[in-house]
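J.: Sequence first, then the predicted structure, then my questions.
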Amino acid sequence: MAAGIRRSEIIERAESWLWPSVAHSTTKFHQNEFGIYRTDCSGYVSMAWGLPGIPDDRWGGLDTLELAGVSALIGKDDLRAGDILLDAGRVVIFHEWAAQDQSEYWGFEQSGETGTVRRQIPYPHDSDGDFTPRRYANLF
């Protein structure tokens, strides 16, 4: 597992793909000051969490199943900046609640339709799926 990371660092890293927005691809990679990562949603979270990319891992980050393996299930009320909402094939980085009733949140997302965005998302997500909140095991 990678060295520990602070929540503020996760958000800083997530923001690094916003300007300009990185196009989504399951076969391409993006390089910046944080390394070289696959430009799909799980590669994006791997970069934000400081997990190995290239060359340490030739795949450019973990996939969604592997992200589940380095994180723990948490409750909706426990969500904090840098946690994720994970489905079998998609993942979003939670930033903060957008609504006091916790019906919407601001999240960082890497999707085929938009590339990298920070947007307001209905909880748990506005697409079909079974998104569950999770926390990276190596926060400090």
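T.: Perfect, thanks for sending it.
J.: list the contacts for Lys76?
T.: Listed by C-beta atoms under 8 Å, 6 or more residues apart in numbering, the contact set of Lys76 reads Gln102, Tyr123, Pro124, Pro133. For every residue, glycine as well, the C-beta is placed using N, CA and C.
J.: Make CSV out of those and add neighbour count, secondary structure and distance to Phe94.
T.: Formatted as CSV, those follow (neighbours: other C-beta atoms under 10 Å; DSSP: H, G, I helix; E, B strand; the rest coil; distance: C-beta to C-beta, whole Å):
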residue, neighbour count, secondary structure, distance to Phe94
Gln102, 12, coil, 11
Tyr123, 20, coil, 10
Pro124, 19, coil, 10
Pro133, 21, strand, 7
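J.: can I get these in a markdown table with pLDDT?
T.: A markdown table is the format used below for the contacts of Lys76 (pLDDT from 0 to 100):
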| residue | pLDDT |
| --- | --- |
| Gln102 | 97 |
| Tyr123 | 97 |
| Pro124 | 95 |
| Pro133 | 98 |
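J.: nearest to Tyr37, of the residues you listed?
T.: Closest approach to Tyr37 among the contacts of Lys76 (C-beta to C-beta): Pro133, at 22.7 Å.
J.: List the beta-bridge partners for that closest one.
T.: When assigned by DSSP bridges, Pro133 has beta-bridge partners Leu85.
J.: doesn't Phe94 make contact with it?
T.: Yes. Applying C-beta atoms under 8 Å, one finds Pro133 in contact with Phe94, separated by 7.2 Å.
J.: tell me the contacts of the most centrally placed residue in the chain?
T.: For the chain, the residue nearest the mean C-alpha position is Val45 (3.2 Å; C-alpha atoms, centre = their mean). Applying C-beta under 8 Å, 6+ apart to Val45 gives the contacts Gly61, Leu62, Leu67, Ile84, Val91, Ile93.
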